[in-house]
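>>> 3D, please:
(chains A, B, C and D)
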Number of protein chains: 2
Amino acid sequence: MSSTVDAVAERANVSVSTVSRALRDMPGVSQETRKRVQNIARELGYVPSLAGSRLATGRTGAIAIVTPNLSKWFFGQVLASAGRVLRQAGFDVLLYELADTAARERFFAGSSLAGRADGVLIFALQPTPEELATLEAQNLPIAFLGSGTPGRSGVRVDDHGAGRAAARHLINLGHERIAFIGIREAADSTLGGVPPANRLKGYREALAEAGLEPGQDLEVHEENSTAGGSRAMSRLLCAEVAPTAVFVASDEMAFGVLRTLKAGGIDVPGDMSVIGFDNHELSEILDLTTMDHSVALQGSETARRLLALITPDAGAEPDLVLSAQLIVRGTTAPPFPLRGRRTATPA
Amino acid sequence: MSSTVDAVAERANVSVSTVSRALRDMPGVSQETRKRVQNIARELGYVPSLAGSRLATGRTGAIAIVTPNLSKWFFGQVLASAGRVLRQAGFDVLLYELADTAARERFFAGSSLAGRADGVLIFALQPTPEELATLEAQNLPIAFLGSGTPGRSGVRVDDHGAGRAAARHLINLGHERIAFIGIREAADSTLGGVPPANRLKGYREALAEAGLEPGQDLEVHEENSTAGGSRAMSRLLCAEVAPTAVFVASDEMAFGVLRTLKAGGIDVPGDMSVIGFDNHELSEILDLTTMDHSVALQGSETARRLLALITPDAGAEPDLVLSAQLIVRGTTAPPFPLRGRRTATPA
DNA sequence: CTGAAAGCGCTTACAG
DNA sequence: CTGAAAGCGCTTACAG
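Below you'll find the predicted structure:
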């Protein structure tokens, strides 16, 4: 419907080359001509056809975001924050949710992104070597969020350190039987799976350093949901010797843990300390002690790194590794015996 | 990088016209030629240039989704469900988050969608007549979610009926002082504002029908967040005569309400009944009685309606008005005096 | 500073 | 069933 360069050119008595240059603030156009062309373009309501310029330049002006299950809180947050940075920079955002393995395969099967995007943001899914190869074949700049692909641009969290820190907090409180509830990926999950593993490692390391025996029955893995958390906690309650504290690899699971404990009449933090991971927007409501890992920042910084890869002037930014930070709330406390001792022996 | 129609044509000893037709399963190509062309295309790793076909056909193969603040739970859910339907139908999803009024103005200022999308889904924002006009000017099919634009294709919730139902539930339990906590839009909100108003109307209507006086001090409005809910509840606790029940226009606010009540030592549902609105994924954890309004369905059905507008064969589907449904959980009960009477007088 | 022309990669009447 | 050609709307060397 809207007019074309030709229409503008004719009306302004110049060539289309001049129109093109004038409208894009390119050098080689006199001030006067430029002004005139711009005014006429405005009058005519001219808006350049994206398809035309894409075909001519090969640039699309769009960035693709590839994400696992969007209905999870985390991905909504990083999508929102990354999207804002990209739009700010003038890019359109193309959204690819790979909710299950079928969608993932379909996506990586073809050159899904060819001619559609100038770059791609990959959230939390660890591409296989083959997948990475097909991505490379379309040679687009890529930035990764959360998947530890060495040598690639991106942002990730020091999950190992975070796991240690969470466990340390419980150890410092005096706990000796500390359980771990980790994320078990669903069979058709599209995630990479690296971060949870590292949280577990950090936890084990802290326990070892403190001279605590990590009982196998104190590590359970479940689906990352409130229901999964509930189930995991139920299993822990059947351990030979029940733990006095539990480190849960996601806040959502921790919510399920809290529900189960409440249902079972087990006081938190009186009988059981609980620490989550995420600083989910609702963890404050539940007064959950948790590890914050700057979720919004992860999204925006990944986007910024991709932009640095695309825009020639911006220097390449190094990978960013974020440290998680303990947020102390009301679900962690010294174990019962210690609390007793302390109140009985004022310093 | 990938080869072009010309390359395929040359290799197959046919014209580009034939290649184009063969690859898109158009009539007028012999089975044999078609097969041969398709094989060669595959061998060459040919993938059609989107920019080329867009320019030639005017079709983009993309749908734009325009949404308010994406980090809100509701919008993440409807985006996810709508996106799945669109991708299933072969469309790319272009995401426009209009998080504040500035973004909204920028979006509606130009013909942002011209040449970028074949249709647009508008979530929960009520376009002004001028905005609607600029949208129309780009003449794209539009489907609305949640904004009551009469005569337009879309999906919305019967908020009026839902408000009545929620209030009825409390009335039926025997409550006589029933408060309402509504959503007050932030100054730079991009939302339309229609649904909350209707929830309030339904509430008032139910009270009137039951012969209950709706005290002005029983209606408070706050920002749609847990903090807003907390503030609103605090204000209600200062009313001349405190309510015994409260209908909260969103679950997130209701979470804040529950926190405030807990902090104040007010038992739920013993001293105060609370009913929310959304059936938020975490409302079950908090055992919150609420109104479910089929959030995922809203997204997918809006997408389906847009597709019906775009694909010629599919008949136009009528607008969909969804009824909300009460989910009874643990935060609603008869008011204290009634409970007392009932236990004292066994039937 | 300005313009004529080729080219980006497709699709689609039109003719055969 | 197949092909030659025009056209979609831009950008960009190249020449002046």
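>>> for the stretch 51-200 of chain A, what spans make up the helices?
Applying DSSP state H, counting those that start in this stretch to the stretch 51-200 of chain A gives helices spanning A:73-88, A:101-109, A:129-137, A:159-173, A:194-209.
>>> neighbours around A:Arg116, how many?
Neighbourhood size, A:Arg116 [other Cβ atoms under 10 Å in any protein chain shown]: 23. Where you see a C-beta, it was placed from the backbone N, CA and C, and this is true even at glycine.
>>> quick check: it touching A:Ala64?
Yes. Contact criterion Cβ atoms under 8 Å: A:Arg116 and A:Ala64 qualify, at 6.6 Å.
>>> what sits in contact with each of the two?
Common contacts of A:Arg116 and A:Ala64 (Cβ atoms under 8 Å, 6 or more residues apart in numbering or on different chains): A:Leu94.
>>> low-confidence stretches in the stretch 151-300 of chain A?
A:187-188, A:190-195 (pLDDT under 70).
>>> from it, which residue is nearest to DNA strand D?
Using Cβ to the nearest atom of the strand, the closest approach of the stretch 151-300 of chain A to DNA strand D is made by A:Ser153 at 24.9 Å.
>>> do I have it right that that residue meets A:Asp319?
Yes. Counting by Cβ under 8 Å, A:Asp319 is a contact partner of A:Ser153 at 6.5 Å.
>>> need the overlap of contacts for these two.
Among the neighbours of A:Ser153, those also in contact with A:Asp319 (Cβ under 8 Å, 6+ apart) are A:Arg305.
>>> which parts of the stretch 151-300 of chain A are strands?
Here the stretch 151-300 of chain A has its strands, by DSSP state E, counting those that start in this stretch, at A:154-157, A:178-183, A:219-222, A:245-248, A:273-278, A:289-292.
>>> which of these sits most buried?
Of the strands of the stretch 151-300 of chain A, the one with the most neighbours on average (mean count of other Cβ atoms under 10 Å in any protein chain shown) is strand A:245-248, at a mean of 29.
>>> what's it packed up against?
With contacts defined as 3 or more Cβ pairs under 8 Å, 6 or more residues apart in numbering or on different chains; DSSP states H and E, the packing partners of strand A:245-248 are helix A:159-173, strand A:178-183, helix A:226-236, helix A:251-263, strand A:273-278.
>>> again, only using 7 Å
Judged by 3 or more Cβ pairs under 7 Å, 6 or more residues apart in numbering or on different chains; DSSP states H and E, strand A:245-248 is in contact with helix A:159-173, strand A:178-183, helix A:251-263, strand A:273-278.
>>> quickly check: the third one near chain B or not.
Yep, that's helix A:251-263 we're talking about. Yes. Under the criterion of Cβ under 7 Å from any Cβ of the partner chain, chain B is reached by helix A:251-263 at A:255, A:259.
>>> hmm, who's touching that helix?
Applying Cβ atoms under 7 Å, 6 or more residues apart in numbering or on different chains, the external contacts of helix A:251-263 come out as A:181, A:222, A:224-230, A:232-234, A:246, A:248, A:268, A:272, A:274, A:276-280, A:283, A:286, A:288, A:290, B:282, B:285.
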